[in-house]
Structure formats: C-alpha cells, structure tokens
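> no sequence on hand, only this structure:
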C-alpha cells in the first residue's frame, strides 16, 4: 500500500535531513521525495510517497507530527490525488530506430527537447506509472541517462 504525505515545514537548513533521518532510523522506505518552496518563502512543502502496511503508514504520520519543524501534514492515497513526475531521458539513436523512438515519444505524449547527430533528449511530465512505462519502452533501444523529479501530488478537487 502507498500513501502520499504533503508536509509543510519551516524553510531552513537541516529540516530535510531531520525528516530523512526519521525514515532511516525507523526503517521506513521513501519511494519518492520532492521538496520546494511555497508561496511563503519561510515555508517549504515536502511531498513524500512511502509504502508499507497500514500500521507502518500510520507510524510515519505520527512520527512526522512529532517533528518541531513540521507545520502541517496532509495524507492521502494515490487514487485520491493527481500525481505528476517530470523526467528527462537521453537515448542514442540510429537511422534505423529513429522513427520508432519518435513514434513512441509521440504516443506517450512526451516531447523531444534536444537532439544531436546520434542522441535525443526526451521530456515527459506525467503520472509516475507512465514515466516508468516510457523507460520500459525506450530501455530496449538505448537509454544513456535519466533524471527524474520526485512525485508531486495534490488531492483531487471536491465535486
């Protein structure tokens, strides 16, 4: 089971280290971590995706609430949110596979953002499962480099 934690924290040095240390000390797994400043420069938001059984996920929330630098925590499951991940990947191509790569990129709603004589730099901003699918599809061709953000998520809008 996966859970998403949106954690508002004070924007100062050492806070990320304290939160990561909490996970390490307790043996909790971080599947994804993204941190950024909010509209208030004194506050950052951490989006943490973690997996485990129900008890583990409850313990994570309780332990986060104990941290002095934590202002507020919101939790939700994947199906209750809209999640996105940005990924850049570089692939080698040849004349014989160039068209296949371009068709795959187009089908996945990704973009070619840079190109040289034998390499393409591809960008995708999509659900984490779709970015993983693009890796799987292009891995058979020749991925040379990947950079991914952590998952960003917000709860779905109320109807």
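Everything's here; your move. As the structure is a computational prediction, the values presented were derived from the model and not from experiment.

> longest strand in the chain, by residue count?
Counting residues, the longest strand found in the chain (DSSP state E) is strand 81-92.

> give me the buried positions along the helix or strand that it is followed by.
Beyond strand 81-92 on the C-terminal side, the first helix or strand identified by DSSP states H and E is helix 98-107. Residues 101, 104, 105 are the ones in helix 98-107 that count as buried (16 or more other CB atoms under 10 Å). Every C-beta, even on glycine, is put in place using the N, C-alpha and C of the backbone.

> could you check the angle helix 98-107 makes with the longest strand of the chain?
Interaxial angle, strand 81-92 versus helix 98-107 (axes from the mean of the first three to the mean of the last three CA atoms, to 10 degrees): 170 degrees.

> chain center to strand 81-92, what's the gap?
8 Å (CA atoms, centre = their mean, to the nearest Å).

> what do you get for stretch 134-148?
Taking CA atoms, centre = their mean, the mean C-alpha location of stretch 134-148 is offset from the chain mean by 17 Å.
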